[in-house]
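>>> Compute the structure for the input listed below.
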Amino acid sequence: MRLYSLLTLASLLLAQSQTTEAAGKFWYSGKSSAQEPETVNSQVEAPISKFDYKLTFKKPYYYNGTVPYWTTGGDVIQAEDFVRLSPSVPNTKGWIWSDIPNPYKEWEVEIAFMVKGSYLHSGRGLAFWYTKDSKIEGPVFGSKDKWDGLSVWLDSANPQTHTPTTMVILNDGTKAMASGGVDPTKHMLGSCSINYRNTGFPAYLKVIYKDNTLSVLLDPTSGGMDYRLCTRNSGIDLPDKYFFGLSKIEEAEYQIRKLREAAQGDEVKGESAASLAVIFDTQRRALESLQMLQLQLEALGAPSPDALLRGDFERKTGQNGNKEQLSEISRVSDQIRQGSKSLAGQIDQKARQQEDRISELHETLKRLEAIVSSLDNRMSAQTSNMQKKINKMTKDSADAKGTLSTVLKYLFYVIIVQGMIALGVYIYWKLRVERFEKKFL
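You can find the predicted model right below:
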């Protein structure tokens, strides 16, 4: 049986922030799936997976100011119950990398995270890494560009779709994803748009590498019990001895620049155009947010803006609302009462029918008992008569046997007497014949 390593990274929780979801909290959620033998005498088999405690971390995260077997850097904030990768400050970044390279050919990683932030603005998210190099800061979610290995981007504020996007990108160390004009979506293995932002509870990410197949799954609502497949790719070659890591960057929403002289007008004009573009984008997103809120209000029964301008809407007072609510409650109560009466009548009818059936069954059982008792009596009488007849026949047979033996005995005596008489007559005749012959001699 092949041995598959089970690497469970410490879970990641992103706390709420005004401008970003930068806060990162980690807690232990790993479990070993090694199977125990059913009996003591049964053959011991190798476990199908192994939990490596050196490639994860748990509370309390820090020991002597460090996370055992891991290294943190950048703007990481240390605490006993969480590891915050970066504060809610623009242009901050942080990372945490394992000190020990992964020794396993096949592995599984599970990360729990939570993203909270404002609807319009927030940080870009974080990234999971499995790369040849580690602990190097850079522009790609706080880590280096042109990495050699695997990266899973959890982009919770995609600037194009404005929805949380998960992208899987494999780089051989030559592709620059942070360069201008480069579209990372053209180099990704796959992506999915599963919403894990502002759900109020942790979402779970699972990355599995087995049989040269890479699978990325997400569970945004069920606490790691119901994963949904994000992407799966075969023919992927990921060497061992690479490092696991997580990184985070807090992008700037504004920039502070010193004043320039009028001689640098071209540059100032360019900056003004860029600033206007940012302002326009912010206004557009704010308008989209207001339109979404208006649609939600209309779905709840609020009048549309056109109806408000025309005055074509019904003004509801508190008293009218209460009357309508009371009438609705009364109507529902009457329906429930009628339904209860109908149901009670049906139950009574069914109960009576059941009682009638039970009484019929009792009568049938009584008749069957009487028939069985009568049959028993008849069988007993017939058995007694047959026994008497058999005894009488046995007695008559014995008497007949005695009479026959007596007759045979007398007949035997008569035959013996007749034989003796015949023998005497023969002897007498023989003697006379002999005497007669001697007389004439």
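>>> just the helices in the stretch 251-400 of the chain please.
Remark: helices assigned in the stretch 251-400 of the chain by DSSP state H, counting those that start in this stretch are 265-299, 305-310, 318-440.
>>> Just send those helices back as JSON lines, with mean neighbour count too.
For the C-beta atoms, the positions are set from N, CA and C on the backbone; glycine is no exception. Formatted as JSON lines, the helices of the stretch 251-400 of the chain follow (neighbours: other Cβ atoms under 10 Å):
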{"stretch": "helix 265-299", "mean neighbour count": "11"}
{"stretch": "helix 305-310", "mean neighbour count": "10"}
{"stretch": "helix 318-440", "mean neighbour count": "10"}
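>>> Checking my notes, residue 59 in a strand, right?
No - assessed with DSSP: H, G, I helix; E, B strand; the rest coil, residue 59 is coil; it does not lie in a strand.
>>> Distance-wise, check it relative to residue 82.
9 Å (Cβ to Cβ, to the nearest Å).
>>> Of the two, which one has the most company?
residue 82 (18 against 12; other Cβ atoms under 10 Å).
>>> follow-up on the earlier one: dump the helices of the stretch 251-400 of the chain to TSV, plus distance to residue 164 and mean pLDDT.
Below are these laid out as TSV (distance: least, Cβ to Cβ, whole Å; pLDDT from 0 to 100):
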stretch	distance to residue 164	mean pLDDT
helix 265-299	16	70
helix 305-310	30	75
helix 318-440	39	81
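>>> any chance of those helices in JSON lines, with distance to residue 50 too?
Listed next are the helices of the stretch 251-400 of the chain as JSON lines, based on distance: least, Cβ to Cβ, whole Å:
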{"stretch": "helix 265-299", "distance to residue 50": "47"}
{"stretch": "helix 305-310", "distance to residue 50": "62"}
{"stretch": "helix 318-440", "distance to residue 50": "59"}
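>>> Mind checking these for the one nearest to residue 139?
Proximity to residue 139 (Cβ to Cβ) singles out helix 265-299 among those, at 18.5 Å.
>>> residue boundaries of the helices in the stretch 51-200 of the chain?
According to DSSP H, counting those that start in this stretch, the stretch 51-200 of the chain contains no helices.
>>> where are the low-confidence patches of it?
Per-residue confidence for the stretch 51-200 of the chain (pLDDT under 70) gives these ranges: 117-124, 158-162.
>>> try it again with 90
51-68, 74-94, 111-126, 137-142, 154-165, 174-187, 193-200 (pLDDT under 90).
>>> Run through the strands of it in chain order.
Using DSSP state E, counting those that start in this stretch, the strands of the stretch 51-200 of the chain run over residues 70-74, 77-78, 83-84, 92-98, 107-113, 125-131, 137-140, 143, 148-155, 165-172, 188-192.
>>> So which bits of stretch 219-238 are buried?
Neighbour counts over stretch 219-238 (16 or more other Cβ atoms under 10 Å) mark 219-221, 224, 227, 230-231, 236, 238 as buried.
>>> Name all residues that make contact with the residue nearest to residue 156 when sequence neighbours are not counted.
Once flanking residues are discounted, residue 156 sits nearest to residue 125: 4.2 Å by Cβ to Cβ, 6 or more residues apart in numbering. Residues near residue 125 by Cβ atoms under 8 Å, 6 or more residues apart in numbering: 21, 115, 141, 153-157, 164, 248.
>>> and residue 125, bridged to which residues?
Counting by DSSP bridges, residue 125 forms beta bridges with residue 155.
>>> so who does residue 89 touch?
Neighbours of residue 89 in contact, by Cβ under 8 Å, 6+ apart: 75, 250.
>>> Kindly apply the preceding question to residue 146 instead.
171, 173-176 are the contacts of residue 146 under Cβ under 8 Å, 6+ apart.
>>> Repeat the analysis, applying 10 Å as the threshold.
Counting by Cβ atoms under 10 Å, 6 or more residues apart in numbering, residue 146 makes contact with 133, 138, 140, 171-179.
>>> Would you show me how to pick out the buried ones of the residues you listed in ChimeraX?
Buried members of those can be picked out in ChimeraX with the line below, counting by 16+ other Cβ under 10 Å:
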select :133,138,140,171,175,177
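>>> Take the contacts of residue 146 and lay them out in a markdown table including distance to residue 423.
Shown next, in a markdown table, are the contacts of residue 146 (distance: Cβ to Cβ, whole Å):
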| residue | distance to residue 423 |
| --- | --- |
| 133 | 146 |
| 138 | 152 |
| 140 | 149 |
| 171 | 144 |
| 172 | 143 |
| 173 | 146 |
| 174 | 148 |
| 175 | 147 |
| 176 | 153 |
| 177 | 149 |
| 178 | 153 |
| 179 | 156 |
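>>> From the contacts of residue 146, pick the one nearest residue 207.
Using Cβ to Cβ, those come closest to residue 207 at residue 171, 15.8 Å.
>>> Show me what the closest one is bridged to.
Going by DSSP bridges, residue 171 forms beta bridges with residue 149.
>>> circling back: could you work out the most separated pair of the buried residues of stretch 219-238?
Spatial extent of the buried residues of stretch 219-238 (Cβ to Cβ) is set by the pair 221 and 238 at 29.3 Å.
>>> From residue 238, how far off is residue 102?
Using Cβ to Cβ, residue 102 is found at 9 Å from residue 238.
>>> joint contacts of those two?
Contacts common to residue 102 and residue 238, judged by Cβ under 10 Å, 6+ apart, are 130, 209.
>>> coming back round to it: between the contacts of residue 125, which is nearest residue 98?
Once Cβ to Cβ is applied, the member of those that ends up nearest residue 98 is residue 248, at 16.2 Å.
>>> nearest residue to the closest one other than its sequence neighbours?
The nearest residue in space to residue 248 (Cβ to Cβ, 6+ apart) is residue 85, at 3.7 Å.
>>> Run a quick neighbour tally on the one you found.
Residues near residue 85, counting by other Cβ under 10 Å: 32.
>>> measure it to residue 142 for me?
Computed as Cβ to Cβ, the residue 85 to residue 142 distance reads 8 Å.
>>> Give the residues shared as contacts by the two.
22, 73-75, 92-95, 126, 246-250.
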